[in-house]
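**Q** I'd like to go over a predicted model; first the sequence, then the structure.
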Amino acid sequence: MKKHLIATFIIVLLASSAWSFDGNRKGFVLGGGLGFAPTAKWEIDGASIFSESAPGLGINLLIGYAWNENNMIVYEGNAVGYKPKITNTDLLQGFYGASWYHYFGSNG
């Protein structure tokens, strides 16, 4: 646990602004995020003994293209990693796949 906290602290210290946003929601898209996930849950259907919630480390990465101010297609990965007490192994669960974002309002 101590190693994860130190690694997270170092990553936060190394983070900086990109200043690449030109005010338009159009063109190539690259983004990501890293943070604390207060609850991540896993369970096996029909076996309540194999069910647990725990905090973990969350990550989000996406790459794609926005063809106008309101629509964007990306390949996205959202995941959380944690160590449940029942299995005593590290678990990673999440979603990886294509996503379509539609923004209803203006970008300003």
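**A** Done, it's in.
**Q** what about stretch 69-79, distance to the chain center?
**A** 12 Å (C-alpha atoms, centre = their mean, to the nearest Å).
**Q** in this structure, which spans are helices?
**A** 2-14 (DSSP state H).
**Q** which stretches of it have low pLDDT?
**A** 1-2, 9-23, 46-50, 86-87, 107-108 (pLDDT under 70).
**Q** For this structure, give the strand that spans the most residues.
**A** Looking across the chain with DSSP state E, the single longest strand is strand 47-66.
**Q** Show residues contacting that strand.
**A** 4, 8, 25-44, 72-86, 99 (C-beta atoms under 8 Å, 6 or more residues apart in numbering). The C-beta positions use only the backbone N, C-alpha and C, and glycine is treated the same way.
**Q** For it, what is the distance to the chain centroid?
**A** Distance, centroid of strand 47-66 to centroid of chain: 7 Å (C-alpha atoms, centre = their mean).
**Q** Equivalent analysis for stretch 89-108, please.
**A** Mean-position distance between stretch 89-108 and its chain equals 8 Å (C-alpha atoms, centre = their mean).
**Q** got the CA positions of it in CSV?
**A** What follows is stretch 89-108, C-alpha atoms only, in CSV (Å, rounded to 0.1, in the frame of the first residue of the first chain):
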residue,chain,number,x,y,z
THR,A,89,-4.6,-11.1,-5.3
ASP,A,90,-4.7,-7.9,-7.3
LEU,A,91,-7.8,-7.4,-9.4
LEU,A,92,-8.3,-5.1,-12.4
GLN,A,93,-11.8,-4.5,-13.8
GLY,A,94,-13.1,-2.1,-16.3
PHE,A,95,-14.3,-1.2,-19.8
TYR,A,96,-12.2,-1.0,-22.9
GLY,A,97,-13.9,-0.2,-26.2
ALA,A,98,-15.4,2.4,-28.6
SER,A,99,-17.5,5.2,-27.1
TRP,A,100,-19.5,8.0,-28.7
TYR,A,101,-19.8,11.3,-26.8
HIS,A,102,-22.6,13.8,-27.6
TYR,A,103,-22.4,17.2,-26.0
PHE,A,104,-25.8,19.0,-25.8
GLY,A,105,-24.6,22.5,-24.8
SER,A,106,-22.0,24.9,-26.2
ASN,A,107,-18.3,24.5,-25.2
GLY,A,108,-18.2,28.0,-23.6
